[in-house]
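In: Compute the structure for the input listed below.
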Amino acid sequence: MVALLVGVAGCIGVLVAARHTVDAVARVPGVADTLSAASVSVDNYLLVGSDSREFGDPNTGETGQVSGNRSDTIMVLRYDRTTGTAALLSIPRDLYVTVPGHEGKRRINAAFNDGPAVLVRTVQQELGIPIHHYVEIDFTGFERLVTALGGVEVCFRRPTKDENTGLAIPKAGCYVLDGKQALAYARSRHYQEYRNGGWHTDPTSDLGRSKRQRDFVNRCLQATLAQLKTDPFRAGDLVSAIGDAVRIDEHLDPIEAGSSLRRAVGDGLGEYSLPVVPATVDGNAVLLLGDGAETVLAYFRGTGPAPTK
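Out: Next up is the predicted model:
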């Protein structure tokens, strides 16, 4: 979902109003010092969705403010300068890693508690993926963008719900989700479908959510492009809808980056998940890298071909 700022900006590079809006986007101090040097052929963007219990904790449904930073979504957007293609990789929040500055291992989500720079360093050191730019969006911005788009269509095979996030789809079919419903869908970790006379929870939990998020990002991008082809001046409204909720590294020019990404966005983003296996460490459920992970990581490092799906 955080790829949307870059994608929208790329569609409006000629608009002066857009430049003014983008220039006002907040920068993350200090994170640029941790970024990798520019690559010859591949640009990687670390995309982070920061969470708030204002919308309900996706695990428990509880509301209220929380202390510290919370990252509910971590993705890497890979842009290949040679082929003009782009791909998204979801990094599970429960991936068990070493976080710089801490003894032992912990979930990668915890790295964000120490700030964006620590999260960038963790991804680079633990996964070997060079990160060239950083983009962060609060979920309030995601909700406003979907609302500004007039909703995004998602099709459901069965009645679906998540009582923790408020997702409620009464029967199978295609629905245009508004901002609030889209947020409930994207944040769902207790995703349930009604079949065979009862409610069944998606056993993949965070992995299933990551897959739905990647699909929703693509749907949002395609909806954005469709609207801009019809009315290019809608772009200013769309950027303004999320501008206040986005933070980026000091060196990123969203319009310049988006101009490069425009064709890739139009063709659709490749979607990849990181192969993992569940484990229990000290009584805590975590995820470890599984078979095939190195192939996916090599692709996002820029050292290997695209994995076979």
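In: where does the chain dip in pLDDT?
Out: Along the chain, the model assigns pLDDT under 70 to residues 1-22, 51-71, 228-229, 232-236, 239, 242-244, 255, 258-259, 309.
In: Can you give me the distance of the residue of it most remote from its centre to residue 171?
Out: Largest separation from the mean C-alpha position in the chain: residue 197, at 34.0 Å (CA atoms, centre = their mean). Noted for residue 197: a distance of 15 Å to residue 171, by CB to CB, to the nearest Å. C-beta coordinates here come from the backbone N, C-alpha and C atoms, glycine included.
In: ditto for residue 209
Out: The spacing between residue 209 and residue 171, counted by CB to CB, is 22 Å.
In: Could you spell out the sheet neighbours of the helix or strand that contains residue 86, each with its direction?
Out: When elements are defined using DSSP states H and E, residue 86 is found to belong to strand 85-90. In its sheet, strand 85-90 lies beside strand 71-80 (antiparallel), strand 270-273 (parallel), with partners assigned from DSSP bridges.
In: all helices of the stretch 51-200 of the chain, in order?
Out: Assigned by DSSP state H, counting those that start in this stretch, the helices in the stretch 51-200 of the chain fall at 116-127, 139-149, 179-186.
In: Going by contacts, tell me the helices and strands next to the longest one.
Out: Contact analysis of helix 116-127 by 3 or more CB pairs under 8 Å, 6 or more residues apart in numbering; DSSP states H and E lists strand 42-50, strand 71-80, strand 96-98, strand 133-138 as its packing neighbours.
In: Residues contacting that helix, please?
Out: 28, 30-31, 33-36, 46, 48, 71, 74, 76, 91, 97-101, 108, 111-112, 129-131, 134, 136, 247, 297, 300 (CB atoms under 8 Å, 6 or more residues apart in numbering).
In: what is the orientation angle of that helix with strand 42-50?
Out: Going by axes from the mean of the first three to the mean of the last three CA atoms, to 10 degrees, helix 116-127 is angled at 120 degrees with respect to strand 42-50.
In: Return the set of buried residues in helix 116-127.
Out: Of the residues in helix 116-127, those buried by neighbour count under the rule 16 or more other CB atoms under 10 Å are 116, 117, 118, 119, 120, 121, 122, 123, 124, 126, 127.
In: And for the shortest one?
Out: Neighbour-count burial for helix 179-186, counted by 16+ other CB under 10 Å, picks out 179, 181, 182, 183, 184, 185, 186.
In: is it true that the third one touches residue 145?
Out: No. Residue 182 is not in contact with residue 145 according to CB atoms under 8 Å; the separation is 9.1 Å.
In: Any idea which of the helices of the stretch 51-200 of the chain gets closest to residue 160?
Out: When those are ranked by proximity to residue 160, the top entry is helix 179-186, at 8.5 Å, counting by CB to CB.
In: Show me how far the closest one is from its chain's centre.
Out: Distance, stretch centre to chain centre, for helix 179-186: 14 Å (CA atoms, centre = their mean, to the nearest Å).
In: now do stretch 25-45
Out: So, by CA atoms, centre = their mean, the centroid of stretch 25-45 is 17 Å from its chain's centroid.
In: Outside of it itself, list whatever touches it.
Out: Residues beyond stretch 25-45 that count as contacts (CB under 8 Å, 6+ apart) turn out to be 3, 5-6, 76-82, 115-117, 120-121, 124, 129-136, 243, 246-251, 254, 257, 260, 300, 302.
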